[in-house]
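**Student:** Next input, structure requested:
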Amino acid sequence: MIINSTLLSKLFNTSKKEVDNYCANYLKENLYFKYLNSKEIEFAAIHIIKKIASDSQIIASKERKKIWFNGWNQSLKSYSKNKNLENLIPKFYTARKNNIFRLGGRFIKVKNPMFEVKMVKIFTNWYFKKYFYNVDNIYEFGAGTGHNLLELSKIYPKKKLHGSDFVQSSVNLLKLVAKINDISLNCFKFDMINPNKKKKILKNSAVYTSGALEQLSGNIYKFINYILSSNPKIVLHAEPVADFYDKNHFPDCLANLFQTKRGYTDNLLTHLRNLEKKKKIKIIKLCKSPFGSLMIEGYNLIVWSPLR
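**Tutor:** I've put the predicted structure just below:
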């Protein structure tokens, strides 16, 4: 089977016309996949269960900060040396060894080792073009290598971009990416667990996180309050959020067990729904992750705006 706009429109919960308009260039390269049969699903499930049992990663621990610093520093060294854009692709995207992914809540097998990277590109182009067209500034918190900001600069070359991360190696890499690619990018260090309230978000801005809040281990309240006090026009999160899983659906159940153990993006949707009940925000779009890795679905879409 092949990834096409008809399939994507269902996964994105939008129209085929919109997918064609926003993502056509990225659908020219055929992305093939096949659904796993029962024996393959059993093999995948055993692998996931073993991983859940053995996993000992502690999200937001002090040790993780050093790991993130070293990871982005390695990307910085590689990119400084050869200026190859492939060095801006986070290593966890290309480390999936068995080429088993999730699509629409089902396990699939693919041949293209860059499948997840290309699917992310399609998805981000859709929501960047749909939700960020009428702002002047776009802020990404937890920007990592800057690959999302680089994509945004191609879509919106006249918008002012702002990228931050909580380790200096990422900030240094963002500055280098901006210089080499001639991007209007303001780079700064920012800790989402302890936000610097003096760092002001400009008027008519969008705030964006992707796989960043997941690393806060549920300690999201100060950052959400910071966003509210900054009063951006729109906020978009693409994050692993356990609330989206159907606990009675086998692949979702396994993903929920793994995600809950690690504590990715705990409390986010619950907190935002409570804020909506209090009429402090309006939730604009909720979309279950259209695709994911073997272990989890990491791209659930939450779009909201503060109520002024």
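**Student:** Strands of this protein, residue ranges please.
**Tutor:** Ranges of strands in the chain, per DSSP state E, are 33-35, 100-103, 106-110, 137-141, 160-165, 185-189, 205-210, 234-239, 281-287, 291-292, 300-306.
**Student:** Need those in CSV (columns: mean pLDDT and distance to Phe43).
**Tutor:** Placement of C-beta: from N, CA and C, glycine included. Listed next are those as CSV, based on pLDDT from 0 to 100; distance: least, CB to CB, whole Å:
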stretch, mean pLDDT, distance to Phe43
strand 33-35, 96, 14
strand 100-103, 95, 9
strand 106-110, 95, 10
strand 137-141, 97, 37
strand 160-165, 96, 37
strand 185-189, 95, 43
strand 205-210, 97, 30
strand 234-239, 97, 28
strand 281-287, 97, 29
strand 291-292, 94, 18
strand 300-306, 97, 26
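**Student:** Those: which one's closest to Phe250?
**Tutor:** strand 106-110 (9.4 Å; CB to CB).
**Student:** Let me see the contact set for Asn172.
**Tutor:** Asn172 makes contact with Leu76 under the criterion CB atoms under 8 Å, 6 or more residues apart in numbering.
**Student:** Kindly provide the distance from it to Cys187.
**Tutor:** Distance, Asn172 to Cys187, using CB to CB, to the nearest Å: 8 Å.
**Student:** mind showing which ranges of the stretch 1-150 of the chain have poor pLDDT?
**Tutor:** 60-63, 90-97 (pLDDT under 70).
**Student:** contacts for stretch 148-165?
**Tutor:** The contact list for stretch 148-165, computed with CB under 8 Å, 6+ apart, reads 72, 85, 88, 121, 124-125, 128-129, 132-133, 135-144, 146, 171, 174, 177, 181, 183-190, 202, 208, 210.
**Student:** OK, contacts around Ile220?
**Tutor:** Ile220 is in contact with 192, 213, 265-268, 271, counting by CB under 8 Å, 6+ apart.
**Student:** Go through these and say which is closest to Asn37.
**Tutor:** Thr265 (31.7 Å).
**Student:** ok, that closest one - contacts?
**Tutor:** Counting by CB under 8 Å, 6+ apart, Thr265 touches 213-214, 216, 218, 220, 239-242.
**Student:** please redo it, this time with the cut-off set to 7 Å
**Tutor:** By CB atoms under 7 Å, 6 or more residues apart in numbering, the contact list for Thr265 reads 213-214, 239-241.
**Student:** Tyr22 too?
**Tutor:** Tyr22 neighbours (CB under 7 Å, 6+ apart): 125-126, 129-130.
**Student:** quick one on the thing from earlier: can you tell me which of the contacts of Thr265 lies nearest to Ile59?
**Tutor:** For those, the closest approach to Ile59 (CB to CB) belongs to Glu214, at 7.4 Å.
**Student:** I'd say that closest one and Pro240 touch.
**Tutor:** Yes - using CB atoms under 7 Å, Glu214 is in contact with Pro240, at 5.2 Å.
**Student:** Now do the shared contacts for those two.
**Tutor:** Listed contacts common to Glu214 and Pro240 are 264-265; contacts here mean CB under 7 Å, 6+ apart.
**Student:** Look up how far Phe33 lies from the residue of the chain most remote from its centre.
**Tutor:** No residue in the chain sits farther from the centre than Lys39, which is 30.9 Å out by CA atoms, centre = their mean. In this view, Lys39 and Phe33 are 18 Å apart by CB to CB.
**Student:** Switch the contacts of Tyr22 over to CSV; also include neighbour count and distance to Leu286.
**Tutor:** Below are those laid out as CSV (neighbours: other CB atoms under 10 Å; distance: CB to CB, whole Å):
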residue, neighbour count, distance to Leu286
Asn125, 20, 20
Trp126, 22, 15
Lys129, 15, 19
Lys130, 16, 14
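**Student:** Can you tell me which of those residues is nearest Val117?
**Tutor:** The closest of these, once distances to Val117 are taken by CB to CB, is Asn125, at 12.8 Å.
**Student:** Could you verify my assumption that that closest one touches Ala24?
**Tutor:** No - here Asn125 lies out of contact with Ala24, judged by CB under 7 Å, at a distance of 9.5 Å.
**Student:** what's near enough to touch Asn30?
**Tutor:** Listed by CB under 7 Å, 6+ apart, the contact set of Asn30 reads Ile2.
**Student:** my bad, Asn4
**Tutor:** Leu27.
**Student:** from the middle of its chain, how far away would stretch 100-110 be?
**Tutor:** Distance of stretch 100-110 from the chain centroid (CA atoms, centre = their mean, to the nearest Å) equals 18 Å.
**Student:** Start and end of it, how far apart?
**Tutor:** Counting by CA to CA, to the nearest Å, you get 7 Å between the two ends of stretch 100-110.
**Student:** Give the buried residues for it.
**Tutor:** Across stretch 100-110, burial judged by 16 or more other CB atoms under 10 Å covers 100-103, 105, 107-110.
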